[in-house]
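[1] got a predicted model here, sequence first, then my questions.
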Amino acid sequence: MQDTNSERAILDFYTYPPVGGDDWRYVYQTAQVRVLEMQMLTRATLLDMANADSFEAAADLLSATEYALPRSGRSFAELADILQAGRSELRELFADWIIDKPIVELFRTRDDFANLRLALRRALTEKPIGTDYGSQGNVPPEIFEQVFQEESDSHSIELPDYMQQAADQATLAYYQNKDIRQIDYAIDSVQAQHNLSQASRLRSTFLLGLFRIQIDLTNIRTLLRLKFTERDQLNVFLKGGYLELERLQHALELGYEALGSLFFATPYHRVIEEGAGYLASNKSFLAAERECDEFLTGFLKSTIQVTAGPQPIIAYLLMKENEIRRVRLILTAKKNHLDTKLLLDRLG
C-alpha cells in the first residue's frame, strides 16, 4: 500500500509537495521570521568567502554579521564557539515562537537520536564514552552515558519508547555481523518512522512533506554510496518517502549514466543526475551533497506562500542551521588550505 501511495504522491506535484495553509495564531512570529530571513548571508557572500585567499580574509567578510570574530587573536576555536552559541540561540528562539509544543519536542528528538547513535557506537565498539553529546534534546545527555555503561543500574533508567526501540533494533542489527553502519541504518529507520507518525498525529501537511523529502534524500545518498563502494546490501533504504523502494533497488543494478533516465519522472532528476555524474568523474560526493541541500532549501523557501503559520518558522530554523554549517565548512576549508575548487563544487 505504501508503494502505491508513494507513486501517486510523486504525480501529485511537479517539484515540491504542498506546504499547507495559514494558521493565524502565528502572525507575529511569521512577521519576525521574515525580518530575520532578510538578514541571512547572501549567496554572494558565501561565494566571496569561498574564493578568499585565507582564513583571515574569509573571516573579514563576516565582520558586519553575527558571526564576526574579534580582530585580535582570531582562532578557529573562537569561531566554533560563536557558531555553537548561534545555533543554541536559534533553537531557543524556535522553541519560544512555536505555539504547538509537540513540534518543538519533535525537533528536539534530532539531538536525542544523534546522542543515541554516539552512545551506541561507543558502547558496542567498546570505545570510551565522552562528553560531546548534544544538550538540546528531550532526554538529558547524562542519561545516554548512564544507560549504556555496564556498571550502571541500567534497568532503572528508562528511555522514551521510540528511543528504546531504536536502541534495540540498532543493537540487534550490529551484532548480526558487527557492521557499525548497521547502527546508523537502524536508527535512521526508527527516526524516520517516528517523524512521520508525529507529523500525521499533528495533521501537518508541511511536516509530512518535509520528512518524506528528507527520507528520499537520505535514500539517494545511500544509493550513491552503495554504488560507489560496490556493496550489495538489502533493506537499507528507508520506508515512507515519495520514491518507491523498487526504483531505488533497481538503480543499484544500473550504471551511473543510466540513473538520470530512471529518475527522470521524479522530482529528484537533477539531484541524481548531477550527483551521479560528479561521482563517476571525480570519485566524490560533493555534488550529491550540494544538490540534496539545494533541493531541501528550495522546498523550505516555498513556505514564502504562507502568510502565517509554523511552516516559515520551521523553514527558518532549518535554513539558518544550514547557513551555520556552511560558514563552518568554508572557514574550516580555509584554515586547512583546502582546494577552492572543491569548496565551490560543494557550495554550487
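    Here it is on my side, so go on. Residues are numbered from 1 along each chain as shown.
[2] what bits of the chain have low per-residue confidence?
    Where the chain drops to pLDDT under 70, the residues are 1-13, 71-74, 127-131, 148-157, 232, 234.
[3] got the domain boundaries for it?
    2-100+202-347, 108-201 (automatic domain parsing).
[4] now the strands for the stretch 101-250 of the chain?
    With DSSP state E, counting those that start in this stretch, there are no strands along the stretch 101-250 of the chain.
[5] mind listing what Lys239 touches?
    Residues near Lys239 by Cβ atoms under 8 Å, 6 or more residues apart in numbering: Gln2, Ser189, Ala192, Gln193, Ile215, Leu245. Where you see a C-beta, it was placed from the backbone N, CA and C, and this is true even at glycine.
[6] and the nearest residue to Leu118 once chain neighbours are set aside, how far is that from Asp111?
    Spatial nearest neighbour of Leu118, chain neighbours left out: Tyr133 (6.5 Å); criterion: Cβ to Cβ, 6 or more residues apart in numbering. From Tyr133 across to Asp111, the span is 8 Å (Cβ to Cβ, to the nearest Å).
[7] neighbour count for those two, which is higher?
    Tyr133 (21 against 18; other Cβ atoms under 10 Å).
[8] can you pull the contacts of that one?
    Counting by Cβ under 8 Å, 6+ apart, Tyr133 has contacts Asn115, Leu118, Ala119, Pro141, Phe144, Glu145.
[9] do Met49 as well
    By Cβ under 8 Å, 6+ apart, the neighbours of Met49 are Ala58, Leu61, Leu62, Val327, Ile330, Leu331, Lys334.
[10] out of the contacts of Lys239, which is most surrounded?
    Neighbour max across the contacts of Lys239 (other Cβ under 10 Å) = Ile215, 25 neighbours.
[11] my guess is that residue contacts Leu238, does it?
    Yes: the criterion here is Cβ atoms under 8 Å, and Ile215 meets it with Leu238 at 4.8 Å.
[12] list the helices and strands the helix or strand containing Leu318 packs on?
    Assigned by DSSP states H and E, Leu318 belongs to helix 310-335. Where contact means 3 or more Cβ pairs under 8 Å, 6 or more residues apart in numbering; DSSP states H and E, helix 310-335 is packed against helix 27-38, helix 43-51, helix 55-60, helix 76-97, helix 101-124, helix 205-229, helix 286-301, helix 340-347.
[13] name the residues of that helix that are buried.
    If you call a residue buried by 16 or more other Cβ atoms under 10 Å, then helix 310-335 has these buried ones: 310-321, 323-324, 326-331, 333-335.
[14] also stretch 267-278?
    Buried-residue list, stretch 267-278, by 16+ other Cβ under 10 Å: Pro267, Tyr268, His269, Val271, Ile272, Glu273, Glu274, Gly275, Ala276, Gly277, Tyr278.
[15] so the first one touches Arg212, yeah?
    It stands for Pro267. No: counting by Cβ under 8 Å, Pro267 stays clear of Arg212, with 10.8 Å between them.
[16] intersection of neighbour lists for those two?
    Shared contacts of Pro267 and Arg212, counting by Cβ under 8 Å, 6+ apart, come down to Tyr242.
[17] got the residue ranges for the helices in the stretch 151-300 of the chain?
    Counting by DSSP state H, counting those that start in this stretch, the stretch 151-300 of the chain has helices at residues 161-177, 181-201, 205-229, 245-251, 256-262, 269-282, 286-301.
[18] spatially nearest residue to the spatially most central residue of the chain (excluding sequence neighbours)?
    With distances taken as Cα atoms, centre = their mean, Gln214 lies nearest the centre of the chain, 7.3 Å away. Nearest residue to Gln214, sequence neighbours excluded (Cβ to Cβ, 6+ apart): Leu296, at 7.2 Å.
[19] now the one you found: how far from Ser261?
    24 Å.
[20] among the two, which residue is more densely surrounded?
    Leu296 (21 against 12).
[21] and for the residue lying closest to Lys320 once chain neighbours are set aside, the neighbour number?
    The shortest distance from Lys320 to any non-neighbouring residue, by Cβ to Cβ, 6+ apart, is to Leu90 (5.4 Å). Leu90: 17 surrounding residues under other Cβ under 10 Å.
[22] Leu90 and Met319 touch, don't they?
    No: between Leu90 and Met319 there is no contact under Cβ under 8 Å: 10.4 Å.
[23] just to revisit the earlier point, let me know the closest of the contacts of Met49 to Leu106.
    Val327 (26.1 Å; Cβ to Cβ).
[24] ok, now how distant is the closest one from Gln84?
    12 Å.
[25] which of the contacts of Lys239 sits closest to Ser302?
    Closest to Ser302, out of all of the contacts of Lys239 and judged by Cβ to Cβ, is Ile215, at 18.1 Å.
[26] so how far is stretch 100-119 off the chain centroid?
    Centroid separation between stretch 100-119 and its chain, computed with Cα atoms, centre = their mean, to the nearest Å, is 12 Å.
[27] do stretch 304-314 as well
    20 Å.
[28] surely Arg87 and Glu323 touch.
    No: applying Cβ under 8 Å, one finds Arg87 not in contact with Glu323, separated by 10.1 Å.
[29] can you count the residues close to the closest residue to Leu124 other than its chain neighbours?
    Take Leu124 and drop its neighbours on the chain: the residue closest to it by Cβ to Cβ, 6+ apart is Tyr174, 5.3 Å away. Applying other Cβ under 10 Å, we find 22 residues neighbouring Tyr174.
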